[in-house]
Every structure is written in structure tokens, then in C-alpha cells.
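K.L.:
pasting a predicted model and its sequence here:
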Amino acid sequence: MLATHLRRHVPFWISILAGIAIWEIAGRSTSTAFMVPFSETIVQLWQLMQTGEFIAQVLDSAQLFLTGFVLALIVGAPLGLLLARVRVLRVGVEPYIMILYATPMVALIPFILSMMGFGFAPKVLVVFLFAVFPVLYNTVEGARSIKPELIEVAKSYRSSEWSLWREVMLPYTLPYIMTGVRQSIGRALVGMIAAEFFLSSTGLGQLIMGASQNFDTAGVFASIFLIGLIGVGLMRLGLAIEQRFAHWRQ
Amino acid sequence: MTSLQTAASANPGAAAKISGSEPRIRVKGLGKHYGSLEVFRNIDFDVGEREIVAIVGPSGCGKTTLLRCIDGLIAFDSGEVLVGTERVTEPIAGVAMVFQHFGLFPWKTVYENVAYGLRMAGAPKAEIDRRVPEFIKLVGLAGFEHAYPYQMSGGMQQRCGLARALAVGPNVLLMDEPFAAVDAQTREILQFELLRIWEERPTAMIFVTHSIEEAVLLGHRVIVLKGRPSGIHEIVDIDLPHPRTRDTLREPRFAELRERVWSTLMREAREAEFVLER
């Protein structure tokens, strides 16, 4: 038991420690204008976290992230189910989804800026646009892969259309939706930072920009490191949720 | 083969009489096309209230399509299907189907799968709580209420499929090659389980199979379909006594009837095999 546990986790921790060591050495042997070592990043992060302003900015970013992400989920999953079930709609809408999915969303930011200005809403729109397509795409693909046999069973048992959605389509598609959610988390983080960089400067994006303009390399690193940590944490959470809903797929 | 044919008593093509009760299912002049492909035509037969009618035929003859038309899952082009006095145009209450592919919902437990039909029928919760355990027990799945389909063997999955169908209290059971996807031993066990359950709760049943032995063992009558476009080739009365058990398999009459159905079917199959596809 312990042996398997060690075998599984020792390479992981060795790799992490090696990464930190390389970072530390590289940081110490270059100018602090480019890079700061790991230890300094952690110290800086710790000190920043003592300040109310930093926490306020993190919460600001979290608010933007959550609003855009939840909207993406609320729109993406039901729309995906609808597109999978209604063929006419899918054929009509699919080209636009594909074009938008393939478009680098950053390229749309100037357009969004000129349309909507600098408020909270345009930033939410950016996060939403980054996050919605993985959910939508995975939902459509998932719902379309449902075995026709199961639909037939539902029909044979005189299921109403509403019951068919609730009892068959949605439970079957849920693991696929969760795969989309997990992918969306990463993209929503990118969207969040992009919105904070290019629209009104707030949150973690502003912290990074501000620190960078003041040549506060440690501040830049601390902020980026924190975003990375949050991202990894959220993705692990997404994976756990995905597996929770996918256990029946073995 | 000739001697076997003269030995058999059923008279080819004649619809056998249903003794004692009104037919539960009437199939009249049923025909179905897929585009220019005619699947079957002029299918006529009745099924009594407490009768098992088995349907055999060469593969691809449209047995399964016929059953789906009777269930109202797919539309037919001509003729009509009556269940009791109701004309079938879509799935109707009182008819339940058991599928070759089991058709269990993989995210539902045995309990939830068996409850599904009742819930779709709008049964009150108290009734579901009472009936579901009863039917899980009837099919021998007691103790597996919380198992998921992927944790069970094919035989157990089909027991669950059977419980789901029986739980809605149907007076018509449609069996679509229900035991074709399980191994030979399990299949035999399930055949006798089905006979036991049917003796306890007799219903009208149409049992589609490609196993002649299974058809003869289960059916009061066996309908032999012919190739494309298919129609009824012959209806064979199976005058074996009920209840049928493993001993039935050893009776000379069983072998005789099996040979009779076999020779009819083989004549068809051989003709079908050497027909060039146009």
C-alpha cells in the first residue's frame, strides 16, 4: 500500500522540487529586472496577501471570472442540448459556432471595447466568449453521441419530451458538459486576464500591469504564480466534478 | 425431411384459433417500406390474452421492424394493429417491450431502472415503492438494487430489463430477441425463468427470436416469416403441454416440432441465400 503510494507520488514531488530548484537558480543568476527566484516570489506573494488592496483585487477578478463563467455554463449547456436535439437549428447555427470557436477571442476585444466601453459588462462578455465554446461544443458532441436505443426505450415507455430531456438526454450528457466545464475554466482565466489588460484595468490583470510598469518583477511573478495556482486548483475541482458524474461510464 | 413434413400436423398458412379468449392483439394486413425497399407485406395474425406467439425468420427478414411497428415505435404503411380495442399509432399503455440491447440507462441503478417505466406512467410514489422491490425479487435480482448496469453480467442486465417491463403491469409483452446477447447457459436459464414468470402472470406475448429451439419451447404458436419482402410463411401450432420445463426439451414431440419449423425455415433460408441482390 505504502510502496504503491510512494511509487506513484515520489516522481511527482521530485519533479516539482527540481522545477523549484531550477527556478531558484535561474532567478538568482539573472538580473531581478527579468526574473526573481522562487523564494522571493513566495515571500512577495505572502506580503501582498497581507494587504487589503491585493485581496480586494483578487476578489474583483474572482467576481469577473465567476460571472462570465457561470453565464457561459447557463447559456452553453442548454443551447448545446437544444442544438443536439433540433437538427434544423444545429445545421443553421453550427457554422457560426465553428467560426467563433476558431477565432482568437483576443482579436474581438477592440470591437467589444468600441461597442460597449469600459464597464463591467464588456469584461464579462470577454470571459463569457472565452468560456462558452468548450461547454457548448462538448455538450453538442456529447448529446449527439447518445445511443438511439436509449431514446427508443424512452419512447417505448411513453416518455414525454420533457421527461426525455430530464431522464435521458441530460444525465447522459452531463459528463460531457463537465469535460467542457473543465476546459472552460482555463479559457475563462485567460479571458479574465485579457479583459483586465485590454479593457478597464482591474483585478489581477491590473496588479500584473501595475507591477510590470513599476519594474516590480517580484510582484509580477507573485501575481502570475497565484493565477497559476488558482487555475490548477479549479481544474482539479473540475476533474473531480467530471468524475463524480461520469462514474457509470467506468 | 419429407417424412418429417408429413409427420407434422400443423396446416401451413392457416391462422390457428385462439381457444377460450378474445385476441389481445390483432395484426391486420400490416405492410412496411423503407423507401423503395419493402420490408414486409400482408402480415396477419392474432395473439390471445394468455398466449405466447414466437416469430422466427431468416436474418434481415424484418422481425424486429415488425415488432417495433406493433409497439408503435415506427410507423407502418398499410394495415392496422389493434391492442384490445385501441389502434396503435404510437406506444400505448399496457404494452411493454424488452430489448435485445437491454436498453438500461447506465447512470441509473437497478432500482431506478425498474422504477423508470412506472415513473413514466405517472405512478404515485407509494405504488413505485411497493412494486419495484416486488419485481426485482421476481426476476431474482434481490440484493442488487443499488448495482449499476456496468457492474452486472448480461444475464443480470436482462433480468433488470424484464423487471422494468413487468413492473408497469402490462397485458402485452413484446420481446425483441431478448436473450440473443447473453451466453448459451444464461440464455437457457432465462428462458425457463421467463416461462416460470409467465405461468405466474400470464399475458399476451410476442417473442421474436432467431433460435428455433427457443421459439418452440416458449411459443403456443410459432410464426415462420419468409425472406424479403417478408410475409407469413407458416404458422405452426405448438401443442406441447404447459407448464413447460426442462423435461419438455426431451419430449419426442418437441424434437418433431423443432424439425418442422427448421425445415420450413431452411427452405426459405436456402432460397434467400442464393438470391442475387439487385
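P.N.:
Nice, thanks for sending it over. Numbers count the residues shown, from 1 in each chain, chains lettered A, B, ... in the order given.
K.L.:
so who does residue 155 touch?
P.N.:
Just so you know, I chose chain A. By CB atoms under 8 Å, 6 or more residues apart in numbering or on different chains, A:K155 lies in contact with A:164, B:73, B:91. Heads up, the C-betas are built off the backbone N, CA and C, glycines and all.
K.L.:
I was thinking of chain B, sorry if that wasn't clear
P.N.:
Neighbouring residues of B:G155 by CB under 8 Å, 6+ apart: B:182-183, B:186, B:189-190.
K.L.:
can you tell me which of these are in helices?
P.N.:
Taking DSSP state H as the definition of helices, those contribute B:186, B:189-190.
K.L.:
what's the closest of the residues you listed to chain A?
P.N.:
Distances from these to chain A were compared by CB to the nearest CB; the smallest belongs to B:L190, at 19.1 Å.
K.L.:
pull stretch A:49-63 out as CSV, backbone CA atoms only.
P.N.:
Taking only C-alpha atoms (Å, rounded to 0.1, in the frame of the first residue of the first chain), the coordinates of stretch A:49-63 have been written out as CSV:
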residue,chain,number,x,y,z
MET,A,49,-1.6,38.9,0.7
GLN,A,50,-1.3,40.8,4.0
THR,A,51,-2.5,44.0,2.2
GLY,A,52,-6.2,44.6,1.8
GLU,A,53,-5.7,46.1,-1.6
PHE,A,54,-4.4,42.9,-3.0
ILE,A,55,-7.2,40.8,-1.6
ALA,A,56,-9.7,43.3,-3.0
GLN,A,57,-8.2,43.0,-6.5
VAL,A,58,-8.3,39.2,-6.3
LEU,A,59,-11.9,39.3,-5.2
ASP,A,60,-12.6,41.7,-8.1
SER,A,61,-11.1,39.2,-10.6
ALA,A,62,-13.0,36.4,-9.0
GLN,A,63,-16.2,38.2,-9.4
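K.L.:
and the stretch 101-250 of chain B, which of its residues are near chain A?
P.N.:
The stretch 101-250 of chain B comes close to chain A at residues B:101, B:103, B:105-108, B:116-117, B:119-121, B:148-150, B:168, as judged by CB under 8 Å from any CB of the partner chain.
K.L.:
repeat that with 7 Å
P.N.:
B:101, B:103, B:105-107, B:116-117, B:120, B:148, B:150 (CB under 7 Å from any CB of the partner chain).
K.L.:
adding distance to B:L240, pLDDT and secondary structure, write the residues you listed out as TSV.
P.N.:
Converted to TSV, these look like this (distance: CB to CB, whole Å; pLDDT from 0 to 100; DSSP: H, G, I helix; E, B strand; the rest coil):
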residue	distance to B:L240	pLDDT	secondary structure
B:H101	30	93	coil
B:G103	31	94	coil
B:F105	37	96	coil
B:P106	39	94	coil
B:W107	42	94	coil
B:Y116	35	96	helix
B:G117	31	94	helix
B:M120	36	95	helix
B:Y148	39	94	coil
B:Y150	38	93	helix
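K.L.:
put the buried members of the residues you listed into a ChimeraX selection.
P.N.:
Typed into ChimeraX, the next command selects the buried ones out of these (criterion: 16 or more other CB atoms under 10 Å in any protein chain shown):
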select /B:101,103,105,106,107,116,117,120,148
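K.L.:
not counting sequence-adjacent ones, nearest residue to whichever residue of the stretch 151-278 of chain B sits closest to chain A?
P.N.:
Nearest residue of the stretch 151-278 of chain B to chain A (CB to the nearest CB) works out as B:V168 at 7.6 Å. On the basis of CB to CB, 6 or more residues apart in numbering or on different chains, the spatially nearest residue to B:V168 that is not a chain neighbour turns out to be B:G117, at 4.3 Å.
K.L.:
so for stretch A:84-104, what gets flagged as buried?
P.N.:
Taking 16+ other CB under 10 Å as the basis for neighbour counts, the residues of stretch A:84-104 that come out buried are A:84-85, A:90, A:93, A:97.
K.L.:
of these, list those near chain B.
P.N.:
Okay, of those, nothing touches chain B (CB under 7 Å from any CB).
K.L.:
show me these that map onto helices.
P.N.:
Under the assignment DSSP H, the buried residues of stretch A:84-104 contribute A:84-85, A:90, A:93, A:97 to helices.
K.L.:
mind telling me the two of these farthest from one another?
P.N.:
Of all pairs drawn from these, the widest gap by CB to CB lies between A:R85 and A:I97 and measures 15.6 Å.
K.L.:
pretty sure the residue nearest to B:V168 contacts A:Y157?
P.N.:
Yes: counting by CB atoms under 7 Å, a contact exists between B:G117 and A:Y157, whose distance comes to 4.9 Å.
K.L.:
contacts only, for the residue of the stretch 151-278 of chain B closest to chain A.
P.N.:
With contact set as CB atoms under 7 Å, 6 or more residues apart in numbering or on different chains, B:V168 has these partners: B:96, B:117-118, B:121.
K.L.:
just to check, A:Q206 is in contact with A:F197?
P.N.:
No: using CB under 7 Å as the test, A:Q206 is too far from A:F197 to be in contact (8.6 Å).
K.L.:
neighbour count: the two, which is higher?
P.N.:
Under the criterion of other CB atoms under 10 Å in any protein chain shown, the comparison of A:Q206 against A:F197 puts A:Q206 first, with 17 against 14.
K.L.:
any figure for the gap between the closest residue to the more buried one other than its chain neighbours and A:F221?
P.N.:
Distance criterion CB to CB, 6+ apart; nearest residue to A:Q206, sequence neighbours excluded, is A:E196 at 6.0 Å. With distances defined as CB to CB, to the nearest Å, the gap from A:E196 to A:F221 amounts to 17 Å.
K.L.:
what's the answer for A:F118, then?
P.N.:
In this structure, A:F118 lies at 28 Å from A:F221, with CB to CB as the measure.
K.L.:
so where's the chain shaky on pLDDT?
P.N.:
Going with chain A. Within chain A, the ranges that satisfy pLDDT under 70 run A:1, A:250.
K.L.:
hmm, no, I was thinking of chain B.
P.N.:
Judged by pLDDT under 70, the stretches of chain B that qualify are B:1-21, B:269, B:271-278.
K.L.:
re earlier: next, format the residues of the stretch 101-250 of chain B next to chain A as CSV and append distance to A:R7.
P.N.:
Shown next, in CSV, are these (distance: CB to CB, whole Å):
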residue, distance to A:R7
B:H101, 41
B:G103, 42
B:F105, 38
B:P106, 33
B:W107, 34
B:Y116, 44
B:G117, 48
B:M120, 49
B:Y148, 30
B:Y150, 28
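K.L.:
now for the residues of the stretch 101-250 of chain B next to chain A: which two are most distant?
P.N.:
Among these, B:M120 and B:Y150 lie farthest apart (CB to CB), at 22.8 Å.
K.L.:
now do stretch B:237-255: distance to the chain's middle.
P.N.:
Using CA atoms, centre = their mean, to the nearest Å, the distance from the centre of stretch B:237-255 to the centre of the chain it belongs to is 18 Å.
K.L.:
next one: the residue of the stretch 1-150 of chain B found nearest chain A from A:G228, what distance?
P.N.:
Taking CB to the nearest CB as the measure, the point where the stretch 1-150 of chain B comes nearest chain A is B:G103, at 3.9 Å. If you measure B:G103 against A:G228 using CB to CB, the figure is 46 Å.
K.L.:
what's the spacing between the residue of chain A most remote from its centre and chain B?
P.N.:
Relative to the average C-alpha location in chain A, and by CA atoms, centre = their mean, no residue lies farther out than A:S156, which sits at 40.1 Å. Plainly put, A:S156 is 5 Å away from chain B if you go by CB to the nearest CB, to the nearest Å.
K.L.:
ok, now which ones touch the residue of chain A found nearest chain B?
P.N.:
Minimum separation of chain A from chain B (CB to the nearest CB) falls at A:V153, amounting to 3.9 Å. The neighbours of A:V153, taking CB under 7 Å, 6+ apart as the test, are B:99, B:103.
K.L.:
helices of the stretch 151-278 of chain B, residue ranges please.
P.N.:
Defined through DSSP state H, counting those that start in this stretch, the helices belonging to the stretch 151-278 of chain B, from first to last, are B:154-167, B:184-200, B:212-218, B:252-273.
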